[in-house]
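Enquirer: Structure for this input, please:
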Amino acid sequence: MADPILISRLRCPECGHEKDEEMPTNACMFFYNCSACGVRLQPLQGDCCVFCSYGTVPCPPIQEGDCCNG
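Expert: Numbering: from 1, shown residues only. You can find the predicted model right below:
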């Protein structure tokens with residue numbers, strides 16, 4: 001199995017700001033504060049983390065097929 005991708009670009013749905021962030025490899029990230037507008041992002045219904053909802057790459061647990069939510 002290939003190593004998971006660890007960088008995802010998060011896009012704030014409120015202001016459109018984008019930022020590359022390193023994802024944790026052993027957990028899902030439930031909250032993220034936008035560094036531009038300060039809004040607190042939470043996963044959309046059905047997603048396990050903010051990277052799966054707002055990122056360009058799903059979180060490492062999802063990439064490895066072993067999500068904390070599934």
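Enquirer: ok, residue 47 - contacts?
Expert: residue 53 (CB atoms under 8 Å, 6 or more residues apart in numbering). Where C-beta positions appear, they are placed from N, C-alpha and C, glycine not excepted.
Enquirer: any idea how far it lies from residue 2?
Expert: 22 Å (CB to CB, to the nearest Å).
Enquirer: How about residue 29?
Expert: 21 Å.
Enquirer: Looking at the two, which one has more neighbours?
Expert: The residue with more neighbours, out of residue 29 and residue 2, is residue 29; 19 against 6, by other CB atoms under 10 Å.
Enquirer: where exactly do the helices run in the chain?
Expert: Using DSSP state H, the helices of the chain run over 50-54, 60-63.
Enquirer: how about the shortest one as PDB, C-alpha atoms only?
Expert: Below are the C-alpha coordinates for helix 60-63, written out as PDB (Å, rounded to 0.1, in the frame of the first residue of the first chain):
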ATOM      1  CA  PRO A  60      -5.000   9.700   5.800                       C
ATOM      2  CA  PRO A  61      -7.400   7.400   7.700                       C
ATOM      3  CA  ILE A  62      -9.800   7.600   4.700                       C
ATOM      4  CA  GLN A  63      -7.000   7.100   2.300                       C
END
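Enquirer: quick check: mean pLDDT across that helix?
Expert: The average pLDDT within helix 60-63 is 88.
Enquirer: now do the longest one
Expert: For helix 50-54, the per-residue pLDDT values average out at 96.
Enquirer: For it, which outside residues touch it?
Expert: By CB under 8 Å, 6+ apart, helix 50-54 touches 8, 10-13, 21, 23, 28-32, 41-44, 47, 57-59, 62.
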